[in-house]
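Q: Let's see this in three dimensions:
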Amino acid sequence: MTDFGYHIAVQVAPLANLTEEQIQQCIEIPKNTTHADFAIPVAKLNKFKKLSGNPAQIASDWKSKIVPNKYILGVTNEGPYLNFVINKAMVTDEVLKRVFEQGDNWGTSYEGNGKTIIVEFSSPNMAKPFHAGHLRSTIIGNFLKNIHKALGYHVIAINYLGDWGKQYGLLALAYKKFGNPEELKSNPIKHLFEIYVRINKETLLDPSNPDSEKDPVKYDAIHDEARSLFKRMEEGDEEVLGLWKQFRELSIAEYKKIYKRLNVEFDVYSGESQQTEGMVTALSELSQMDLLYDDRGASLINLEQFKLPKVLVKKSDGATLYITRDIAAAQTRSDLYHFDKMFYVVAAQQDLHFQQLFKILQLMNKPFTQKCTHVNFGMVKGMSTRKGTVVFLEDILNEAKKIMLEVMTRNEEKSKEIDDKEQVADLIGLSAVVIQDFSAKRVKDYDFVWDRITSFEGDTGPYLQFQHARICSMFRKAQVPLNPKADFSLLTEPIAQDIARIIGKFPEVIKASASTLEPVTMVSYLFDLAHLVSQAHSVLWVKDREKELAEARMALFWAAKITLGNGLRLVGLVPLERM
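A: Here you go, the predicted structure:
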């Protein structure tokens, strides 16, 4: 929001008996800006304080008490909406000056200065391929990291690997039976996944038939051996631990290649395996607080009075569970980082797990419990190649890249301008996948449809990249210098003023995205901006215009490019200058 949001809030805040900041959070840009530039849905103020009276009547009363000035030219109400007409020329001038002042940092702020946020995301299970669920966690978590960094927070990105448990005893057994050292080094995750699948097939009555039923005798024998190997791991057996460490290091190295391609970086690679001491302390604390009860040698916590199921925290053989390690990890992070907020970006299927975890931490009187938030998300349906094969994430990215390369080579002239076609196709393909994911609220399931996500028209990733590249192309061809002191009062066209107004909204969209924890907040904004810019190309000509007018329009397009580029970076993408 520009300073006009402030000038509106200054007058409305005392009427509502709320702070100016609270009022600014409720100011909206109407879909139809013919009769109003900004609006306050009065009922929205109820989230801060219960209003006494009918919102439509309140809007009518307040309208007569707001005094027009050089910023606010008029006030009306339409039902419960308080509508403001503002000085558009001043908005354009103010917005463009602010973008020039901040430059590449446009939209950022220091509101989080001195505060630490932890974002735990991605967190694949070691030795297993990336699947759609991990992709969603990875890109949503990366967005939350980027958005909070833009607000000045110190952000620690943690990849909490699933690297401990009986399944790694099973994996060690699989490697002893079927492992190949050369294949392990050349393609570790693929090889470990294949032998893991193979050892599980060995428990079937007919190993050659994946639909065959389990053979109880073979199943028990194999899993007893796996339990025995994992127990040796927990006891520090050097032989089994050495094998496990090799699996872990090779898996992380392989994951880092995928993360680089996804434009994602982590500050810490952590894991369940690092919580051994913390688990002992946590179990001791739970015992001392009388939160545990014994059931045939196993330790449980009864949460039924809170309408949650009982929680098993230690098996009868002494083995711990995922939730035990999560309790320990939360305390470790509090001790290490003294965080102000911690986000767990994990699928909605784990809602119950986090309800139980947070309730246990609350019962343990952990003061950081209220700082923890589970950021959940829905499922991706039908993520497969065009041939219908369900595959690793890498295959999905390769497929998207291939489609984009096909599209790019259709235009030979433009294709010649691009130096690294493979890299550009890969970035457009990633844009297609990410923007498809971010085009609805994260908790919603969605269908992965190739034709829709790879289109260069409509609300897609390639469309956003195309609009950014188109402005860059205009800059190369127009040969008009960028002048920060251009006469912005020449930008009188409605489309120019609409673009300036939406550019001015960018800092507030960043704040709103952090508040809602919703990537769709940013992506919807980027589409609104991109659509306006697309329309402007046929109206706001720069080439062969008078110098002063050309410079003013060039400044507007430059501000749009900065905003669109910064928005794309926040959602985790590299803005393209040629495509």
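Q: going forward, measure contacts between C-alpha atoms and count neighbours the same way
A: Fine.
Q: show me where the stretch 251-400 of the chain has helices.
A: In the stretch 251-400 of the chain, the segments counted as helices under DSSP state H, counting those that start in this stretch are 276-288, 322-337, 351-363, 393-408.
Q: With distance to Asn209 and mean neighbour count as added columns, please give these in JSON lines.
A: Converted to JSON lines, the helices of the stretch 251-400 of the chain look like this (distance: least, CA to CA, whole Å; neighbours: other CA atoms under 10 Å):
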{"stretch": "helix 276-288", "distance to Asn209": "39", "mean neighbour count": "16"}
{"stretch": "helix 322-337", "distance to Asn209": "31", "mean neighbour count": "18"}
{"stretch": "helix 351-363", "distance to Asn209": "34", "mean neighbour count": "17"}
{"stretch": "helix 393-408", "distance to Asn209": "26", "mean neighbour count": "19"}
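Q: okay, these in JSON lines with mean pLDDT and distance to Asp93 next?
A: What follows is the helices of the stretch 251-400 of the chain, written out as JSON lines (pLDDT from 0 to 100; distance: least, CA to CA, whole Å):
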{"stretch": "helix 276-288", "mean pLDDT": "93", "distance to Asp93": "57"}
{"stretch": "helix 322-337", "mean pLDDT": "95", "distance to Asp93": "43"}
{"stretch": "helix 351-363", "mean pLDDT": "98", "distance to Asp93": "48"}
{"stretch": "helix 393-408", "mean pLDDT": "87", "distance to Asp93": "38"}
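Q: Out of these, which gets nearest to Lys70?
A: With CA to CA as the measure, helix 322-337 is the member of these nearest Lys70 (48.0 Å).
Q: dump the residue contacts of Ile502.
A: Under the criterion of CA atoms under 8 Å, 6 or more residues apart in numbering, the neighbours of Ile502 are Leu529.
Q: Tell me which residues of the helix or strand where it lies come out buried.
A: Taking DSSP states H and E as the definition, one finds Ile502 inside helix 494-504. Across helix 494-504, burial judged by 16 or more other CA atoms under 10 Å covers Ile495, Ala496, Gln497, Asp498, Ile499, Ala500, Arg501, Ile502, Ile503, Gly504.
Q: what about that helix, distance to the chain center?
A: Centroid separation between helix 494-504 and its chain, computed with CA atoms, centre = their mean, to the nearest Å, is 27 Å.
Q: Show me what the helix or strand following it is packed against.
A: Per DSSP H and E, helix 494-504 leads on to helix 506-516 as the next helix or strand towards the C-terminus. Counting contacts by 3 or more CA pairs under 8 Å, 6 or more residues apart in numbering; DSSP states H and E, helix 506-516 is packed against helix 132-150, helix 519-536.
Q: Let me know which of the ones you listed is tucked in deepest.
A: helix 132-150 (a mean of 24; mean count of other CA atoms under 10 Å).
Q: quick one, strands of the stretch 101-250 of the chain?
A: 116-120, 154-161 (DSSP state E, counting those that start in this stretch).
Q: OK, contacts around Thr454?
A: So Thr454 contacts Ala400, Ile403, Met404, Gly429, Ala432, Thr460, Gly461, Pro462 (CA under 8 Å, 6+ apart).
Q: Quick check on it: phi, psi?
A: phi -100, psi 10 (degrees, to the nearest 10).
Q: and the gap between it and Glu277?
A: Using CA to CA, to the nearest Å, we find Thr454 at a distance of 48 Å from Glu277.
Q: now do Asp437
A: Asp437 is 38 Å from Glu277, by CA to CA.
Q: now swap in Ala536 and tell me
A: Distance from Ala536 to Glu277, counting by CA to CA: 61 Å.
Q: what does Leu82 give?
A: For Leu82 relative to Glu277 (CA to CA), the value is 58 Å.
Q: quick one on the thing from earlier: how about JSON lines for the strands of the stretch 101-250 of the chain, with mean pLDDT and distance to Gln57 added?
A: Below are those laid out as JSON lines (pLDDT from 0 to 100; distance: least, CA to CA, whole Å):
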{"stretch": "strand 116-120", "mean pLDDT": "98", "distance to Gln57": "42"}
{"stretch": "strand 154-161", "mean pLDDT": "97", "distance to Gln57": "45"}
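Q: looking at those strands, which is buried most?
A: strand 116-120 (a mean of 23).
Q: quick check, distance from that one to the centre of its chain.
A: The mean C-alpha position of strand 116-120 is separated from the chain mean by 13 Å, CA atoms, centre = their mean.
Q: cool, stretch 26-45 as well?
A: 27 Å.
Q: Buried residues, that stretch. List them.
A: 26-29, 36-45.
Q: In helices, which of these fall?
A: Cys26 (DSSP state H).
Q: Make a markdown table out of the buried residues of stretch 26-45 and add pLDDT.
A: Shown next, in a markdown table, are those (pLDDT from 0 to 100):
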| residue | pLDDT |
| --- | --- |
| Cys26 | 90 |
| Ile27 | 91 |
| Glu28 | 87 |
| Ile29 | 81 |
| Ala36 | 88 |
| Asp37 | 88 |
| Phe38 | 90 |
| Ala39 | 94 |
| Ile40 | 95 |
| Pro41 | 95 |
| Val42 | 96 |
| Ala43 | 94 |
| Lys44 | 94 |
| Leu45 | 95 |
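Q: Which one of the buried residues of stretch 26-45 is nearest to Phe488?
A: Asp37 (18.9 Å).
Q: In this structure Phe377 contacts Arg442, no?
A: Yes - the criterion here is CA atoms under 8 Å, and Phe377 meets it with Arg442 at 4.9 Å.
Q: low-scoring stretches of the chain, by residue?
A: 1-2, 132-133, 383-391 (pLDDT under 70).
Q: contacting residues around the residue positioned nearest the centre of it?
A: Centroid-nearest residue in the chain: Ile140, 2.0 Å away (criterion: CA atoms, centre = their mean). With contacts defined as CA under 8 Å, 6+ apart, the neighbours of Ile140 are Val345, Pro519.
Q: Widest-spaced pair of the contacts of Thr454?
A: Ile403 and Thr460 (14.3 Å).
Q: Can you give me the distance of the residue of the chain most remote from its centre to Arg227?
A: When distances are taken from the C-alpha mean of the chain, Val217 lies farthest, 45.5 Å away, according to CA atoms, centre = their mean. To Arg227, Val217 is 15 Å away according to CA to CA.
Q: same thing with Gly572?
A: Gly572 is 41 Å from Arg227, where distance means CA to CA.
Q: ok, now Phe438?
A: 41 Å.
Q: Compare the two and say which is more crowded by neighbours.
A: Phe438 (23 against 20; other CA atoms under 10 Å).
Q: Would you mind listing the residues in contact with the closest residue in space to that one that isn't next to it in sequence?
A: Nearest in space to Phe438, with sequence neighbours left out and distances taken as CA to CA, 6 or more residues apart in numbering, is Val520 at 5.1 Å. Val520 sits next to Phe438, Ser439, Ala440, Lys441, Arg442 when contact means CA under 8 Å, 6+ apart.
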